[in-house]
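A.B. asks: Quick one: sequence and predicted model below, then my questions.
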Amino acid sequence: MSELICVGSIAGAFGVRGELRVKSFCANPSDLAEYTPLLTEDGEQSYELSLIGEIKNGFSARIVGIDTKEAADALRGVSLFARREDLPELPVDEYYYSDLIGFEVADTGGIFIGTVKTVVNHGADDLLEISIPGASDTALVPFTKIFVPTVDMNAKSIVIDPPEGLL
């Protein structure tokens, strides 16, 4: 099976006729519908999704075969994935966050810090979650040019300049 990239999620029902509230993780949010059929993380379910309109924090949408509020609510929390080969090639200095998982992280002095566990967003900015060897917790570093000046896709490495006291 080809690699899957999470491009959105279903937030629940929108109305009583099977419409859904969906959140897009695409750079251009309306591109979500371009990658249909969208898949579940295991690739076993596929959804023909069409966007109806913009709503607060996302879009209203329809999925073929979902025609009741109960059926729409049953999909709440489902993450929507697209096949990697269906996504556009990215320009230099842009990357899919899933590509960064496992990258080695060093500080600006070249000292190894750990590896990227994931990239998260809790509402404000994206954060690199870094697994640090020998530590029980992970470190969260703001994923901005100030704190992450270098991402080297070829070397699969990231250089960070963390704020004083973060690590």
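C.D. replies: Yes, it's here.

A.B. asks: Contacts only, for Ala71.
C.D. replies: 18, 65 (CB atoms under 8 Å, 6 or more residues apart in numbering). Backbone N, C-alpha and C define where each C-beta goes, glycine included.

A.B. asks: helix/strand/coil for it?
C.D. replies: helix (DSSP: H, G, I helix; E, B strand; the rest coil).

A.B. asks: quick one: Gln45 and Pro37 touch, right?
C.D. replies: No. Using CB atoms under 8 Å, Gln45 makes no contact with Pro37, being 9.5 Å away.

A.B. asks: more neighbours, those two?
C.D. replies: Taking neighbours as other CB atoms under 10 Å, Gln45 and Pro37 compare with Pro37 leading, 15 against 12.

A.B. asks: Tell me if Asp31 really is in a helix.
C.D. replies: Yes. Assignment of Asp31 by three-state DSSP places it within a helix.

A.B. asks: distance of it from Asp86?
C.D. replies: The gap separating Asp31 from Asp86 is 11 Å, by CB to CB, to the nearest Å.

A.B. asks: Any idea how far stretch 31-50 is from the middle of the chain?
C.D. replies: 15 Å (CA atoms, centre = their mean, to the nearest Å).

A.B. asks: Buried residues of it, list them for me.
C.D. replies: Neighbour-count burial for stretch 31-50 flags 31-33, 35-36, 38-39, 47, 49 (criterion: 16 or more other CB atoms under 10 Å).

A.B. asks: Mind picking the lowest-pLDDT entry from these?
C.D. replies: Lowest in pLDDT among these is Thr36, which has 86.

A.B. asks: So, low pLDDT: which residues of this structure?
C.D. replies: 1-2, 122-123 (pLDDT under 70).

A.B. asks: Strands of that one, residue ranges please.
C.D. replies: Ranges of strands within the chain are 4-13, 20-24, 38-39, 46-47, 49-55, 58-63, 79-83, 104-107, 112-121, 126-131, 138-142, 150-152, 157-160, based on DSSP state E.

A.B. asks: Tell me which of the ones you listed sits nearest to Glu70.
C.D. replies: strand 4-13 (8.1 Å; CB to CB).

A.B. asks: Just checking: what are the partner strands of that closest one?
C.D. replies: strand 20-24 (antiparallel), strand 79-83 (antiparallel) (DSSP bridges).

A.B. asks: which residues touch the first one?
C.D. replies: The contact list for strand 20-24, computed with CB under 8 Å, 6+ apart, reads 7-14, 30-32, 49, 51, 55, 57-63, 66, 72, 75, 80.

A.B. asks: Any of the residues you listed buried? List them.
C.D. replies: 7-11, 13-14, 31-32, 49, 51, 58-59, 61-63, 66, 72, 75, 80.
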